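A.B. asks: show me the folded form of this:
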Amino acid sequence: MKLGTLVVLIILSVVLFQPFLNAQASLRFSSAKCRYRNFKQKVQIRDNPLCIPKKIRRSKCVGSCKSSAFPIVSAKGNQFRKICNCCTPIVEENEIVQFDGCEDTLTLPVIKRCECRPCGTRDEL
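C.D. replies: Model (predicted):
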């Protein structure tokens, strides 16, 4: 390959992928529409009928995150580079719920905030 051709390919790569890299950086951490919300939930211990069900305050993540697909120039034909982000809970602690009528407890994750994160990965709660 000639040096001139190599330089053109490098420049073309930078020109084609720079918008993709800029968009990827801005999409990854954009949480503008991903929000933390409170709601009430009835919880119970099904294995112990003596435990009285309880309504507790919980939290959830709602909303959407920016995602996109960029065409890639390839000899293989039509291909796309996909950037998919999901509204994901960030858990920093657990809550221990105690019930009336029994000594059983239930440990539940507490969502502290929500962020747009890449989809398809399972974070430990």
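A.B. asks: hey, let's count contacts and neighbours off CA atoms from now on
C.D. replies: Fine.
A.B. asks: just the strands in the protein please.
C.D. replies: Per DSSP state E, the chain carries strands over the ranges 34-43, 54-63, 68-72, 79-83, 85-98, 105-118.
A.B. asks: kindly reformat those strands as TSV containing mean neighbour count and mean pLDDT.
C.D. replies: Converted to TSV, those look like this (neighbours: other Cα atoms under 10 Å; pLDDT from 0 to 100):
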stretch	mean neighbour count	mean pLDDT
strand 34-43	14	95
strand 54-63	15	96
strand 68-72	13	88
strand 79-83	13	89
strand 85-98	17	94
strand 105-118	18	94
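A.B. asks: now do the contacts for residue 97.
C.D. replies: Remark: with contacts taken as Cα atoms under 8 Å, 6 or more residues apart in numbering, residue 97 is in contact with 105, 106, 107, 108.
A.B. asks: return the distance of the last one relative to residue 54.
C.D. replies: Taking Cα to Cα, to the nearest Å as the measure, residue 108 and residue 54 are separated by 13 Å.
A.B. asks: what's the answer for the second one, then?
C.D. replies: Using Cα to Cα, we find residue 106 at a distance of 11 Å from residue 54.
A.B. asks: residue 96 and residue 110 touch, don't they?
C.D. replies: No. Counting by Cα atoms under 8 Å, residue 96 does not reach residue 110; the two are 9.9 Å apart.
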